[in-house]
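# Coordinates only, no sequence provided:
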């Protein structure tokens with residue numbers, strides 16, 4: 001299984017491009033389009049020290065003092081499109097999450113190969129030979145031009161069902177979407193959108209629902225448009 005030799009792009013074809021960052025992003029975009037993925041494929045890279053990690057363009061860090069499982073951190077990258085830098089301080093203590101992705105040395109149950117034998121590796125020896133690197137890690141979507149994150153600010157009982165439907169349609173169209181599970185006051189909703197790094201807020205209140213015209217606010221320049229439901233995705237794709 002994992003003992004097979006590594007195949008490089010040049011081995012497949014002498015004319016194949018080298019696998020630099022742009023080539024990987026282009027391949028990921030082709031794969032996404034081919035499989036019609038509804039999430040971002042992501043990649044992870046380890047760094048020797050925090051200073052090197054801090055130089056990654058667009059890097060975000062989890063809130064200080066809060067911890068998350070690896071699954072939660074990966075979700076922030078694949079759903080919200082974040083480039084996220086993480087260290088052991090971002091993972092709960094006494095959790096295998098950090099060792100699974102190489103942030104610290106795994107315990108004996110992992111180093112012995114017992115947990116991986118016949119699952120990720122063909123035999124006990126191959127499983128025990130897995131790396132035990134301890135280094136900061138960055139995880140990021142492998143897409144060259146990431147679609148903008150859209151935060152849906154819904155207000156009013158009748159707006160929630162519309163917000164859920166809009167989120168489903170936007171995600172199907174390839175846009176990452178964040179929908180708060182409970183109603184937020186307008187100012188707090190926009191503040192939450194800003195914290196998440198959303199580029200747009202889709203505002204759905206009683207007026208928008210009754211008129212059939214939804215408000216799309218650009219959180220970068222403050223401009224906003226009234227758009228019908230069918231026109232929303234077309235407008236976002238044109239940007």
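Here it is on my side, so go on. Being a predicted model, the structure only gives us computed values, none of them experimental. Numbering: from 1, shown residues only.
# wait, doesn't residue 47 sit right on residue 55?
No - look at residue 47 against residue 55 with C-beta atoms under 8 Å: they stay out of range, at 9.1 Å. For the C-beta atoms, the positions are set from N, CA and C on the backbone; glycine is no exception.
# When those two are compared, which one has more neighbours?
It is residue 47, of residue 47 and residue 55, that has more neighbours when counted by other C-beta atoms under 10 Å, with 17 against 8.
# Share the number of residues neighbouring the nearest residue to the more buried one once chain neighbours are set aside, please.
Closest residue in space to residue 47, ignoring its immediate chain neighbours: residue 53 at 4.2 Å, by C-beta to C-beta, 6 or more residues apart in numbering. Per other C-beta under 10 Å, the neighbour tally for residue 53 reads 20.
# and residue 53, which of the three is it?
helix (DSSP: H, G, I helix; E, B strand; the rest coil).
# Show me the domain layout of this structure.
Using automatic domain parsing, the domain parsing of the chain gives 9-141, 150-238.
# mind listing the helices in the chain by residue range?
In the chain, helices defined by DSSP state H lie at 9-12, 21-35, 50-54, 70-80, 97-100, 108-111, 124-128, 157-172, 186-196, 206-211, 229-238, listed in chain order.
# got a markdown table for these, with distance to residue 117 and mean pLDDT too?
Below are these laid out as a markdown table (distance: least, C-beta to C-beta, whole Å; pLDDT from 0 to 100):
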| stretch | distance to residue 117 | mean pLDDT |
| --- | --- | --- |
| helix 9-12 | 29 | 44 |
| helix 21-35 | 30 | 70 |
| helix 50-54 | 32 | 86 |
| helix 70-80 | 21 | 77 |
| helix 97-100 | 16 | 73 |
| helix 108-111 | 11 | 70 |
| helix 124-128 | 5 | 73 |
| helix 157-172 | 37 | 89 |
| helix 186-196 | 40 | 87 |
| helix 206-211 | 55 | 90 |
| helix 229-238 | 47 | 90 |
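# Turn those helices into TSV, including distance to residue 87.
TSV is the format used below for these (distance: least, C-beta to C-beta, whole Å):
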stretch	distance to residue 87
helix 9-12	32
helix 21-35	22
helix 50-54	7
helix 70-80	11
helix 97-100	9
helix 108-111	19
helix 124-128	26
helix 157-172	30
helix 186-196	20
helix 206-211	42
helix 229-238	35
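# Go through those helices and pick out the most buried.
Highest mean neighbour count among these (mean count of other C-beta atoms under 10 Å): helix 97-100, with a mean of 20.
# packing partners for that helix?
Secondary-structure packing of helix 97-100 (3 or more C-beta pairs under 8 Å, 6 or more residues apart in numbering; DSSP states H and E): helix 70-80.
# If anything else comes up later, I'll come back, but that's it for now.
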